[in-house]
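Enquirer: Generate coordinates for the sequence data below:
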Amino acid sequence: MSRGPVDQNFLFTLSELYRLLRVYADKEASRFGITRAQWAVLAKVERSEGMKQSELAELLEVQPITLTRLIDKLCDNDWLERRNDASDRRVKRLYLKKAGRTLLGRMGGLRSEITANALDGISPADAHRLLTQLETIKENVRNAIQTSGAEQARKEQRYG
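Expert: Model prediction:
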């Protein structure tokens, strides 16, 4: 079903918005001596301390080597630490250090500031509706990916 101008602009607009938000968040995070990617790592670890590096890489959808470099930098800055897993010495678990907690506390209002600036001129009700719609879109795309994968598997079975 064609949606006219939406068909022409949807993907490009979302991509451009995502790029601009990344640039803006990086610029603002730099005030605290940190990058957006490092901030994301610290925030995820804060929510789930003791997670494995591999779990975090999957959660952030980054390659393990990329995450390793980020974690190395965060450890060098004394914001994060790796600890050996009690049952598997190959596994490293991640924990915030006191300086990391302090940094995240100082950055506490930054997410709200970025969100407020991005949603300037949009009513709270419309912003809530937008977020709900974006969640629906995300679920639609997730379902389309799963459906597409299942269809591909059926074709491969059928045609060998």
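
Enquirer: So, low pLDDT: which residues of this protein?
Expert: Along the chain, the model assigns pLDDT under 70 to residues 1-3, 149-160.

Enquirer: can you list the domains in it?
Expert: 5-118, 122-160 (automatic domain parsing).

Enquirer: Number of residues surrounding residue 23?
Expert: Counted by other Cβ atoms under 10 Å, the residues lying close to residue 23 total 11. From N, CA and C alone the C-beta is placed, and that goes for glycine too.

Enquirer: And for the one 3 residues further on?
Expert: Other residues near residue 26 come to 15 when the count uses other Cβ under 10 Å.

Enquirer: how close does it get to residue 110?
Expert: Computed as Cβ to Cβ, to the nearest Å, the residue 26 to residue 110 distance reads 12 Å.

Enquirer: How about the secondary structure of residue 93?
Expert: With DSSP: H, G, I helix; E, B strand; the rest coil as the basis, residue 93 sits in strand.

Enquirer: Pick the most buried one from the domains of the chain.
Expert: A comparison of the domains of the chain by mean neighbour count, using mean count of other Cβ atoms under 10 Å, puts domain 5-118 on top with a mean of 14.

Enquirer: Relative to the whole chain's centre, how far out is that domain?
Expert: With Cα atoms, centre = their mean, to the nearest Å as the basis, domain 5-118 stands 7 Å off its chain's centre.

Enquirer: Pull the contacting residues for the residue minimising distance to the centre of the chain.
Expert: Residue closest to the average C-alpha location in the chain (Cα atoms, centre = their mean): residue 60, at 5.1 Å. Shown in contact with residue 60 (Cβ atoms under 8 Å, 6 or more residues apart in numbering): 40-41, 44, 67.

Enquirer: so residue 29 makes contact with residue 104?
Expert: No. The pair residue 29 and residue 104 fails to qualify as a contact (Cβ atoms under 8 Å) at a distance of 11.3 Å.
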